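*Asks:* next one to model:
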Amino acid sequence: MFKVELGGGAELRPLEPWRAGEFLAHIDRARASVDPWIPWASRSTDRESARATLQKYADLQARGEGRILGIWLDRVLVGGVMTFGYDPASGVCEVGCWLEPSGSGRGLITKAAGLLIEWLIRERDVYRIEWHCRPDNVASSNVARRLGMKHEATLRANFVWKGARHDTEIWAVLAPEWPGLED
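*Replies:* Numbers count the residues shown, from 1 in each chain. A predicted model of the protein is given here:
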């Protein structure tokens, strides 16, 4: 089984459709803190819709266009990272994350996202990795900073959540800027 130790009793591993029940229980715990930032959080409200969310990522992975990985802390799913929108022709994709409050303050997202970015650059030959977040999601933009990403733009009023329009910051890192590639 694939898993990567993140330290402190945490591990990163695939989040697959057969884990829909566990995923739903996690999203129910995380919904208040995740829903404003992650569009699928408000759509994953029962076992069937949770499975559909995970199946979407399984389908992306099967096509080589994305993947979703969960973060377990002491055997409890507390968050994860994902990549999507991979375009092999341009070598560009987006990376995102989410975390329930019980996993906060441990550096889990920074570690997991860093591992995912490293894999994308080394194994998938991705040249540009983007990170999108709302300006009021300070925790997310702080992760982008810790990952060495640069703020490149703010798209005005392009993200709709509960009928209101919000701006989106675009952060990015290029493969040549990623530390340790000379190894």
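
*Asks:* which residues touch Ala172?
*Replies:* Taking CB atoms under 8 Å, 6 or more residues apart in numbering, we find Ala172 in contact with Arg128, Ile129, Glu130, Trp131, Met149, Lys150, Glu152. (C-beta placed from N, C-alpha, C; glycine too.)

*Asks:* tally of neighbours for the residue lying closest to it once chain neighbours are set aside?
*Replies:* Distances taken as CB to CB, 6 or more residues apart in numbering put Glu130 closest to Ala172, at 4.9 Å, once the chain neighbours are dropped. Neighbours of Glu130 under the rule other CB atoms under 10 Å: 18.

*Asks:* wait, a strand at Ile135?
*Replies:* One correction, residue 135 is Pro, not Ile. No: going by DSSP: H, G, I helix; E, B strand; the rest coil, the assignment for Pro135 is coil, not a strand.

*Asks:* do I have it right that it meets Thr154?
*Replies:* Yes: here Pro135 reaches Thr154: they are 6.6 Å apart, a contact under CB atoms under 8 Å.

*Asks:* which residues do these two both contact?
*Replies:* Asp167, Glu169.

*Asks:* where do the strands of the protein begin and end?
*Replies:* Counting by DSSP state E, the segments of the chain that form strands are 4-7, 10-14, 67-73, 76-87, 92-99, 128-133, 150-161, 164-174.

*Asks:* report the inter-axis angle for the second one versus strand 76-87.
*Replies:* Read it as strand 10-14. 50 degrees (axes from the mean of the first three to the mean of the last three CA atoms, to 10 degrees).

*Asks:* report the angle between strand 10-14 and strand 67-73.
*Replies:* 150 degrees.

*Asks:* Asp28 and Tyr86, how far apart?
*Replies:* Here Asp28 is placed at a distance of 29 Å from Tyr86 (CB to CB, to the nearest Å).

*Asks:* before we move on, what about Leu155?
*Replies:* 20 Å.

*Asks:* quick one: which of these two has more around it?
*Replies:* Looking at Leu155 and Tyr86 with other CB under 10 Å, you find the greater number of neighbours at Tyr86, namely 20 against 12.

*Asks:* returning to that earlier point: out of the contacts of Ala172, which are buried?
*Replies:* Buried subset of those (neighbour count, 16 or more other CB atoms under 10 Å): Arg128, Ile129, Glu130, Trp131, Met149.

*Asks:* would you turn those into CSV with pLDDT and distance to Pro36?
*Replies:* Putting the buried ones among the contacts of Ala172 into CSV (pLDDT from 0 to 100; distance: CB to CB, whole Å) gives the following:
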residue, pLDDT, distance to Pro36
Arg128, 98, 26
Ile129, 98, 23
Glu130, 98, 20
Trp131, 97, 17
Met149, 97, 21
